[in-house]
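*Asks:* with the sequence up front, the predicted model follows.
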Amino acid sequence: MKITFSAMLNIGLTLLIIGCAGLKPTVFIHPQYNLDYVERVAVIPFENLTTDQGAGARITRLFITELLASETFEVVEPGEVALVMQQYATLRTADLTQEQIKELGRELQVQALFLGSVNESSQQRSGSANISVVTLVASLVDTESGVSVWSATHTENGRSFWATLLGTGEKSHGAVSRECVRRTLGTLIQ
């Protein structure tokens, strides 16, 4: 059986499209909320729901950096947030009530809070390679009403189409984490 150049090209393009079609973030944006109202925000340290010790703190720092780089909001310094959060030390951020969110908003003088969790941060074995996988869940909560106005979930992995095809190296765990944060935040900020 003889394969023509055009058949090989079609197969290659199909594989490229399949390889590039990764998971897209799942996104919620409140239909009646005007994001132009939000000028100053705080990022509450993300919860770590993984066995990867320190994943929550690493992803929080990456999230803050990407948020600052976007120049979309004024962001409260992490030290100020940590100081105010000391009074809620026994609570998981997922357990904050609407009243507590409103109180945090007043204390930090922000219109909204970013809350989130790292649901996966691991290395998975695939043949002879270790592939990094990171899953992030993040939301933006209005501090006047205590209601979520944006929420997104995204999973990113270090396996690329070209790495699979050419047998090249995989992305580092740090690069996968950063890309996960960037794509998640990109659903809110363009």
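*Replies:* Yep, it's here.
*Asks:* when you work out contacts or count neighbours from here on, use the C-alpha atoms and nothing else.
*Replies:* Noted.
*Asks:* how about the strands of the protein, start to end?
*Replies:* 26-29, 40-43, 47-48, 74-75, 112-126, 129-142, 148-157 (DSSP state E).
*Asks:* what is the mean pLDDT for the last one?
*Replies:* Pointing back at strand 148-157 there. Summarised as a single mean, pLDDT over strand 148-157 is 96.
*Asks:* what angle do strand 112-126 and that strand make with each other?
*Replies:* Strand 148-157 and strand 112-126 are oriented at 20 degrees to each other (axes from the mean of the first three to the mean of the last three CA atoms, to 10 degrees).
*Asks:* between strand 129-142 and strand 148-157, find me the angle.
*Replies:* Angle, strand 148-157 to strand 129-142, by the same axes, to 10 degrees: 180 degrees.
*Asks:* where's I189 relative to D52, distance?
*Replies:* For I189, the distance to D52 equals 28 Å [CA to CA, to the nearest Å].
*Asks:* surely E66 touches C180?
*Replies:* No: the pair E66 / C180 is not scored as a contact, 11.0 Å apart, by CA atoms under 8 Å.
*Asks:* who's more crowded, these two?
*Replies:* Neighbour totals were compared for E66 and C180, and C180 leads with 25 against 16 (other CA atoms under 10 Å).
*Asks:* and the more buried one, what's its pLDDT?
*Replies:* 96.
*Asks:* quick check: closest non-adjacent residue to it.
*Replies:* Nearest non-adjacent residue to C180, counting by CA to CA, 6 or more residues apart in numbering: E156, 5.2 Å away.
*Asks:* rewinding a little: between the strands of the chain, which gets the lowest average pLDDT?
*Replies:* Looking at these, the weakest mean confidence is strand 112-126, a mean of 89.
*Asks:* I'd like the distance between F63 and S145.
*Replies:* Going from F63 to S145 by CA to CA gives 24 Å.
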